[in-house]
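**Q** let's see this in three dimensions:
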Amino acid sequence: FGVIRQIDGHCDAMVAGVRISGSTVEDVDVELDEDWTLPVAPLPALLGVRLRMKRLQASTAPEGTSLAARFMADPSSGVAAPEWQGPQGPVLAAREDGLPFTREDCRVLDEYICEVTKEAADCHRRGKMPPMKFTPEAFRFYVQRNMAVALENRR
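**A** Okay, the predicted model is just below:
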């Protein structure tokens, strides 16, 4: 886990993560400690990105579906557990393996999940099986393809 600190025999890790508030995402350094969710966020885990989420405070402010709720959705139903539905206060997200997780990483991950979920819903409406895109390989291909296009556009 990133930089490990030991205080009074207790190990914590400081890693690059994000703070999510509704649909707003900002880069922050976060401390991985025992207050992070178990299990990991289900949809990103299917894609090979093992994210831990931590709520900072509850909220009663009305807002749309939180980005955190999308990440915490159950892959079989597409719905997050009740504690992740409704208004969310700020949430921290960090990779379990301690690798950096940035605002840009979060954007790409969310964009992919939204595209694949929409495609699967469209396939089901037409009575067809959706393609297997909730895999690490499919996500890796998507990232590589999009990076190639982004690099080409910079020229």
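
**Q** so where do the strands sit in this structure?
**A** 3-7, 10-21, 24-32, 51-55, 91-95 (DSSP state E).

**Q** for residue 120, which of these is the nearest?
**A** strand 51-55 (20.6 Å; C-beta to C-beta). C-beta: built from backbone N, CA, C; applies to glycine.

**Q** which elements pack onto that closest one?
**A** helix 67-71, strand 91-95 (3 or more C-beta pairs under 8 Å, 6 or more residues apart in numbering; DSSP states H and E).

**Q** ok, and for the last one, which residues are buried?
**A** If I follow you right, that is strand 91-95. Neighbour-count burial for strand 91-95, counted by 16 or more other C-beta atoms under 10 Å, picks out 91, 92, 93, 94, 95.

**Q** got the contact list for the last one?
**A** Same thing as residue 95. 15, 17, 49, 50, 51, 52, 101 (C-beta atoms under 8 Å, 6 or more residues apart in numbering).

**Q** of those, buried ones?
**A** Buried among the contacts of residue 95 by 16+ other C-beta under 10 Å: 15, 17, 49, 51, 52, 101.
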